[in-house]
Structure formats: structure tokens, C-alpha cells
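1. turn this into a structure:
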Amino acid sequence: MSTNLRPRVPTTTSISPDPDDTPKPQLQRQQSFSQRTLMAFQLLIPVFTQNGMCDSTTRPMTLTLLLLLSLSCFLACFTDTIKTQDGQVYHGLATFNGLWLFDCPDNVQGLPDLSKYKIRLIDVIHAVLTVLVFGAVALRDKNVVGCFYPTPGQEAKEVLDIVPVGVGIICSLLFVVFPTRRHGIGHPVTPGK
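-> This is a model prediction of the structure:
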């Protein structure tokens with residue numbers, strides 16, 4: 001009877017994948033929808049809606065929260081990250097004149113031409129689509145539905161079941177067909193950008 005007494009060599013796995021190994025569509029989806037906004041939504045909605053049991057006070061507060069989170073999604077589409085020649089990374093907000101860096105000292109050398117980073121039509125389209133996706137996510141949440149539509153009729157239930165899924169699928173397809181070149185804050189800068 002022969003036994004294999006060789007010690008097992010543990011395999012190591014990386015907890016966070018290398019950004020260069022991330023598939024392009026997955027990276028674009030990460031950029032198009034603010035993960036921090038989604039996390040804030042999931043954390044705050046049960047509190048603001050009292051687990052879907054809104055009253056006359058919490059309903060306007062919930063609506064205000066949804067509008068603020070939608071604005072966050074919209075503005076996140078206009079953020080960008082650049083890398084200088086010496087490897088320093090800076091973040092900014094796209095404007096009609098170019099990129100406005102908000103974490104960059106005045107005496108930085110090796111900055112790329114910031115006027116190349118101005119707002120384009122695709123940025124506005126992505127921002128609108130991102131807000132639509134956030135709205136679809138919000139309309140699929142039981143707490144939001146319970147707050148604004150506590151006893152929906154049969155037709156309203158069908159609309160609340162079908163429309164958010166349709167909007168999400170259509171917007172996701174449009175994100176793939178019309179990719180953005182922006183690197184949001186917290187996302188890696190791809191080589192050559």
C-alpha cells in the first residue's frame with residue numbers, strides 16, 4: 001500500500017484582482033454606476049423608509065435622499081483620474097473647458113493637456129443612463145415601493161415589476177455599445193490614458 005506523503009502546497013489567491021486583468025465590460029460597468037452610491041442607498045433606505053412604512057414625514061425625506069443619490073450618480077459620470085509623467089495620480093471633474101483638478105497642487109509638472117478632458121455628449125448620455133439605472137434599482141427595492149406605493153393595484157404591480165428590469169437591460173446594452181473613456185474616482189487609470 002503506497003501513500004503519497006508529499007505535503008500539500010497551499011495555493012494563494014489574490015483577494016483583489018489585478019486591474020489590468022479585469023474584463024473591459026466589467027470595468028465599464030464599475031465606472032458607469034457609482035458603487036459608493038449604491039452602498040449608501042442600501043444602507044440608508046431602510047432607515048429613511050422605516051422598512052417601507054413611510055408616513056407624511058419620512059416620505060419627503062426619502063424622496064430627498066433618492067434625489068441626492070441620483071445627483072451623486074449623475075456627477076460621478078463626470079469625474080476622471082489622470083496620471084502625470086512621474087506617476088502621480090490626480091482626480092478631477094470634467095467641465096466644458098477641460099478637467100478641473102481638485103486634489104492637485106499648483107506647481108505640478110508633467111500634467112497632460114487638461115482641455116482634452118472636457119465634457120462630451122457621451123458623458124451626458126452616460127450620466128442620464130446612470131440615473132435611469134439607479135431609478136430602476138430604487139424601484140426594485142421593497143422599501144421604496146412600500147413607501148411610495150404601499151398598496152399598488154394589479155397594473156401598478158406589473159409596471160413596477162417590468163419597467164425597472166427593462167430600463168436596466170436597455171441601459172446596460174447602451175453602456176456596452178457606447179463606452180466612456182472616463183476613469184471615475186477610485187478606478188484604475190488604464191495604460192496610455
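
2. buried sites along the lengthiest helix in the chain?
-> Longest helix in the chain by number of residues, with DSSP state H as the criterion: helix 154-177. Under the neighbour-count criterion of 16 or more other C-beta atoms under 10 Å, helix 154-177 has Leu160, Pro164, Val167, Gly168, Cys171, Ser172, Leu174, Phe175 buried. Any C-beta I mention is one placed from the backbone N, CA and C, and that applies to glycine too.

3. now do the helices in the protein.
-> With DSSP H as the criterion, the chain has helices at 24-32, 35-48, 58-76, 121-139, 142-148, 154-177.

4. could you list the low-confidence segments of the protein?
-> Within the chain, the ranges that satisfy pLDDT under 70 run 1-34, 183, 186-193.

5. before we move on, back to that, nearest to Lys83, of the buried residues of helix 154-177?
-> For the buried residues of helix 154-177, the residue nearest Lys83 by C-beta to C-beta is Phe175; the value is 24.1 Å.

6. surely the closest one touches Ile125?
-> No: at 9.6 Å, Phe175 does not count as touching Ile125 under the criterion of C-beta atoms under 8 Å.

7. now Phe102. Its backbone dihedrals?
-> phi -110, psi 0 (degrees, to the nearest 10).

8. which residues touch it?
-> His91, Gly92, Leu93 (C-beta atoms under 8 Å, 6 or more residues apart in numbering).

9. buried sites along stretch 79-88?
-> So, applying 16+ other C-beta under 10 Å, buried residues of stretch 79-88: Thr79, Asp80, Thr81, Ile82, Lys83.

10. list of residues touching that stretch?
-> For stretch 79-88, the surrounding residues in contact (C-beta under 8 Å, 6+ apart) are 89-94, 99, 101, 108-112, 114, 117, 182-185, 187, 189, 193.

11. any of these buried? List them.
-> Buried subset of the contacts of stretch 79-88 (neighbour count, 16+ other C-beta under 10 Å): 90-94, 99, 101, 114, 117, 182-184, 187.
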